[in-house]
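Asker: Structure of the sequence below:
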Amino acid sequence: MKTKIGLVIILSMVIATFIGCARKESQPEVKETIVFMVRGGADIDKSFIEAANNFMKEHPEIIVKSEVIPDQYYFQKVLTAIAGGSPPDVICMTDDRTSYFAEKGAISDLSSFLAKDKEIDMSQYYPISLKMFQYKGNLYALPYDLGFYLMFYNKNLFDAISLPYPKSDWTWDDYLELAKKLTKDTNGDGRIDQYGTNPYLIIDAIHHNGGAIFDDIENPTRCVIDSPEAIEAIQFCIDLYSKYHVCPTPTELVTQSLEDMFMTGRLAMSLDGHWRIPIYKNIKAFKWAVIELPMPRGKKNFLGAGGGGFSISKGTKHPEAAWKLLKYLAGPKGQEVLIRSGLIVPSLEPLANSSLFLAPPPEDKKPFIKNISYLNWYNYKTSKWLEISDILNRELEFSRIGQRSVPETCSVIVKKLNALLSEK
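Answerer: Modelled structure (predicted):
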């Protein structure tokens, strides 16, 4: 009897051990919790969180706490958290802030992670997307998208006056003539009801025309915005509304957004990005498309690039777990979620050429792929770029509203930016 009882006890212990092992196999022990500080806005935060949740399904040993911060407070909140000794582990980064965050020691150089990782294939990323997040030879973020402007247009407004869509290498003169023909006072009250275009991007125009803001992208030492090419470009942008009246004035845009103007048929051509498609896909009143050409050419073809990526905070206590999340978010599985949001042009070339991305709307998505070859990056690699941008916007406004001539404004900008660069 004792023998039987002993056998039962031993058998029970074996079964219990087996069940315990099975439970451990099916429910891995949670090892780490990391914080992903999500940049809110335009609903892309929902895609970030979806991708992070998908990551947790594949990595049950890691818990990701996603914290959404409104876009306007995001970067200040990140810096405050880092300075306070409670840094998020993974953060959203933009190309124009990378140099500043890297110089402040707020984000990690990813070189050591890349050197050890045998899974990630960096050759799949568009080179320009990686260049935007490099500073002093090191990479500080993995990109998830390429942001750039192309010309959206209302096909019905072109068709109404039998105006051919641009199909060849177009210049500023060609663009201006189109805008003139598409600008109309439809009810005869002396006020423009339909504009040919929206305001042209001044900094892009400077580079389209062979000008620049500084002498060197990688190591800016001197402001050159007072060159004839830059002055001509700025004047062209201002003349579109002040002289030719083919685009809305800054005052008019206070009461109605360019997005609303395009959607209501009051804007024939609109410089816009892929991020606008989730809204424009709801247009039913007319057909719209994206011009397959690069931006209108001043003296050369140029397309300004920007983009978003993911970084690891320098003070993270969970570097390996943070790296796993980062490479997932910026990798194929993470970008597939972001593509479905309709907001991004993927930084991974195979995904950019996939049926997932190329699916309409618009009917033809190929312009977004064709124009990647024209992309250039001009957010100069200096930790002072945000201050520089503020000065540029503030001073150019005087010329935009007609209070100062363009050469005078450029002279002021040169003095202020050279003084800023010389500061230690």
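
Asker: use CA for all of it now, contacts and neighbours both
Answerer: OK.

Asker: give the contact list for Glu292.
Answerer: By CA atoms under 8 Å, 6 or more residues apart in numbering, the residues touching Glu292 are Lys167, Lys366, Pro367, Phe368, Lys370, Asn371.

Asker: can you name the two of the residues you listed that are farthest apart?
Answerer: Greatest spatial distance in the contacts of Glu292: Lys167 and Phe368, 15.3 Å, computed using CA to CA.

Asker: now that we have the contacts of Glu292, which one has the most neighbours?
Answerer: For the contacts of Glu292, the largest number of neighbours (other CA atoms under 10 Å) sits with Phe368, at 24 neighbours.

Asker: Give me the distance between it and Arg297.
Answerer: Distance of Phe368 to Arg297, computed by CA to CA, to the nearest Å: 17 Å.

Asker: Please apply the same query to Tyr380.
Answerer: Looking at Tyr380 against Arg297, where the rule is CA to CA, the gap reads 22 Å.

Asker: try Leu396
Answerer: 22 Å.

Asker: same question, Asp193
Answerer: Using CA to CA, Asp193 is found at 27 Å from Arg297.

Asker: Counting neighbours around each, name which of these two comes out higher.
Answerer: Here Asp193 and Arg297 are compared on neighbour count by other CA under 10 Å; more neighbours surround Arg297, at 21 against 16.

Asker: Does the more buried one touch Gly210 like I think?
Answerer: No. Counting by CA atoms under 8 Å, Gly210 is not a contact partner of Arg297; they are 9.9 Å apart.

Asker: pretty sure Ser383 contacts Ser99?
Answerer: Yes. The pair formed by Ser383 and Ser99 meets the contact definition of CA under 8 Å, at 4.8 Å.

Asker: Counting neighbours, go ahead and name the busier of the two.
Answerer: For Ser383 and Ser99, the more surrounded residue by other CA under 10 Å is Ser99, and the numbers stand at 26 against 19.

Asker: Can you mark which positions in the helix or strand harbouring that one are buried?
Answerer: In this structure, Ser99 sits in helix 98-103 according to DSSP states H and E. Of all the residues in helix 98-103, those buried under the rule 16 or more other CA atoms under 10 Å are Thr98, Ser99, Tyr100, Phe101, Ala102.

Asker: wait, what's in contact with the first one?
Answerer: By CA under 8 Å, 6+ apart, the residues touching Thr98 are Phe133, Gln134, Tyr135, Tyr140, Ala141.

Asker: In contact with the nearest residue to Asp174 once chain neighbours are set aside, which residues?
Answerer: Spatial nearest neighbour of Asp174, chain neighbours left out: Pro296 (7.9 Å); criterion: CA to CA, 6 or more residues apart in numbering. By CA under 8 Å, 6+ apart, the contact set of Pro296 is Asp169, Trp170, Thr171, Trp172, Asp174, Tyr175.

Asker: isn't Leu417 right up against Ile388?
Answerer: Yes. Using CA under 8 Å as the test, Leu417 is close enough to Ile388 to be in contact (6.7 Å).

Asker: Quick check on the two: which one has the bigger neighbour count.
Answerer: Neighbour count, other CA under 10 Å: between Leu417 and Ile388, Leu417 has more, with 23 against 20.

Asker: Wasn't the more buried one part of a strand?
Answerer: No. With the criterion set as DSSP: H, G, I helix; E, B strand; the rest coil, the secondary structure at Leu417 is helix rather than a strand.

Asker: Give me the distance between it and Lys381.
Answerer: Relative to Lys381, Leu417 is positioned 14 Å away (criterion: CA to CA).

Asker: Quick check: next helix or strand after the helix holding Ser99?
Answerer: Sequence-wise, the next helix or strand downstream of helix 98-103 (DSSP H and E) is helix 111-116.

Asker: Mind listing what's buried along whichever helix or strand comes after that following helix?
Answerer: Using DSSP H and E, the helix or strand that follows helix 111-116 in sequence is helix 127-131. Applying a neighbour-count criterion of 16+ other CA under 10 Å, the buried positions in helix 127-131 are Ile128, Ser129, Leu130, Lys131.

Asker: for stretch 276-286, same thing?
Answerer: Residues Ile277, Tyr280 are the ones in stretch 276-286 that count as buried (16+ other CA under 10 Å).

Asker: Now do the end-to-end distance for that stretch.
Answerer: 16 Å.

Asker: Pull the distance from it to the chain's centre.
Answerer: What separates the centre of stretch 276-286 from the centre of its chain is 20 Å, taken as CA atoms, centre = their mean, to the nearest Å.

Asker: Understood, closing this out.
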